[in-house]
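**Q** here are the coordinates; sequence isn't available:
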């Protein structure tokens, strides 16, 4: 795991290339193997932020065992920098929601991570 669900009103010219790059960057930032990273990118031209349609994004990250206040601050800094560099979205034009549902609340391989990890 983690899964990253990214919505933006910026049209990405090479969406597949962006997704693959975002996957690698997310794996590095979140310190998780890329083989467990899932990225979903959605273009939504009607996404507004602060009452305008200027470039903006919403990102939800669901991840197990690595979401906490100190790490979230670091993740935010690096992810906002990535979106600024790649999509020219200022750090004042997006939100990142961090969620650790707990191992018993995330299914994988026909079971949950609680069963897989024995906890």
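**A** Here it is on my side, so go on. Computed from a predicted structure; not experimentally measured.

**Q** host element of residue 29?
**A** helix 15-30 (DSSP states H and E).

**Q** So for that helix, what gets flagged as buried?
**A** Going by neighbour count (16 or more other Cβ atoms under 10 Å), the buried part of helix 15-30 is 18, 22, 25-27, 29-30. Quick note: C-beta positions are derived from backbone N, CA and C, even for glycine.

**Q** Quick check: next helix or strand after that helix?
**A** strand 38-43.

**Q** Pull out the buried positions in that next one.
**A** So for strand 38-43, counting by 16+ other Cβ under 10 Å, buried means 39, 41.

**Q** Check stretch 86-100 too.
**A** Buried residues in stretch 86-100 (16+ other Cβ under 10 Å): 87, 89, 93-94, 96, 98, 100.

**Q** same deal with stretch 71-78?
**A** Buried, per 16+ other Cβ under 10 Å, within stretch 71-78: 75-76.

**Q** again, but for stretch 108-119
**A** Buried, per 16+ other Cβ under 10 Å, within stretch 108-119: residue 113.

**Q** and that stretch, how far from the chain's centre?
**A** Between the centre of stretch 108-119 and the centre of its chain there are 22 Å (Cα atoms, centre = their mean, to the nearest Å).
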